[in-house]
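> Everything below, folded, please.
(one chain, ligands or ions: 2)
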Amino acid sequence: MSANLPSFRYHPDPVASGSIRESADTCACCERSTGWIYTATFYTAQEVNGQFCPWCIADGSAAERFEGEFADSYGLDGVSEETLEHVTRRTPGFRTWQDPHWLVHCNDAAAFIGEVGYTELAAHPDALDQLRTDLRLGGWHDASQLENLLTHLGQGASAMLFRCTVCGTHLAYADAS
Ligand SMILES: [Zn+2]
Ligand SMILES: [Zn+2]
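Residues are numbered from 1 along each chain as shown. Ligands and ions are numbered 1, 2, ... in the order given. Below is the predicted model:
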């Protein structure tokens with residue numbers, strides 16, 4: 001954890017996940033060089049010349065100034081308007097092959113941990129079980145094919161790992177290239 005960065009409830013370690021990296025680049029919003037720059041998604045109709053510093057993400061100024069969002073609201077069902085706004089406009093997003101989306105647990109958005117392969121996912125059996133169930137419901141009826149997909153996560157397809165901000169349960173969804 002990088003001590004001097006703003007804290008993000010729904011993306012607690014964006015340096016570890018790769019969404020924020022050390023950089024001398026200036027922020028497209030505040031035009032300062034803070035030593036850190038955002039690297040992932042931002043959806044806006046406006047032209048943005050560069051990326052943002054973590055502080056302009058955390059205080060909402062980047063999203064406000066450029067009328068954009070860091071994450072799609074897809075999947076954020078059953079959370080409050082405030083949480084929706086917090087996740088989409090004041091939280092660093094992350095890169096995926098498919099459109100990134102947030103998972104929900106205990107009526108709150110979950111915290112994004114990072115993209116993981118099978119070994120890291122298996123360290124959280126709750127997330128592995130939940131992902132297996134979701135994939136089965138999603139049409140993966142052949143058990144051996146499903147286990148093959150799961151054990152090969154990290155090679156082509158990977159899992160996006162989250163942790164519930166309320167109860168601590170781990171959750172994941174699969175992202176395929
Ligand atoms: Zn800034
Ligand atoms: Zn929960």
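> contacting residues for residue 93?
Applying Cβ atoms under 8 Å, 6 or more residues apart in numbering to residue 93 gives the contacts 19, 40, 41, 42, 70, 71, 100. Using the backbone N, CA and C atoms, a C-beta is placed for each residue, glycine as well.
> and if we set it to 6 Å?
The neighbours of residue 93, taking Cβ atoms under 6 Å, 6 or more residues apart in numbering as the test, are 40, 41, 70, 71, 100.
> same question, residue 111
Contacts for residue 111 (Cβ under 6 Å, 6+ apart) come out as 10, 12, 163, 165.
> Most widely separated two among the residues you listed?
10 and 163 (10.2 Å; Cβ to Cβ).
> that older thread, is it possible to export the contacts of residue 93 to TSV including neighbour count and secondary structure?
Output for those, formatted as TSV (neighbours: other Cβ atoms under 10 Å; DSSP: H, G, I helix; E, B strand; the rest coil):
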residue	neighbour count	secondary structure
40	19	coil
41	18	coil
70	25	coil
71	27	coil
100	21	coil
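> and which of those is nearest to ligand 1?
residue 70 (13.6 Å; Cβ to the ion).
> phi, psi of the residue nearest to residue 122 when sequence neighbours are not counted?
What sits nearest to residue 122 in space, not counting adjacent residues and going by Cβ to Cβ, 6 or more residues apart in numbering, is residue 128, at 5.6 Å. Main-chain torsions, residue 128, degrees, to the nearest 10: phi -60, psi -50.
> I figured residue 128 hits residue 121, correct?
Yes: counting by Cβ atoms under 6 Å, residue 128 does reach residue 121; the two are 5.3 Å apart.
> How far does stretch 110-123 stretch from one end to the other?
Start and end residues of stretch 110-123 are separated by 18 Å (Cα to Cα, to the nearest Å).
> Sort out which residues of the strand or helix carrying residue 144 are buried, please.
Per DSSP states H and E: residue 144 is located in helix 143-151. Neighbour counts over helix 143-151 (16 or more other Cβ atoms under 10 Å) mark 146, 149, 150 as buried.
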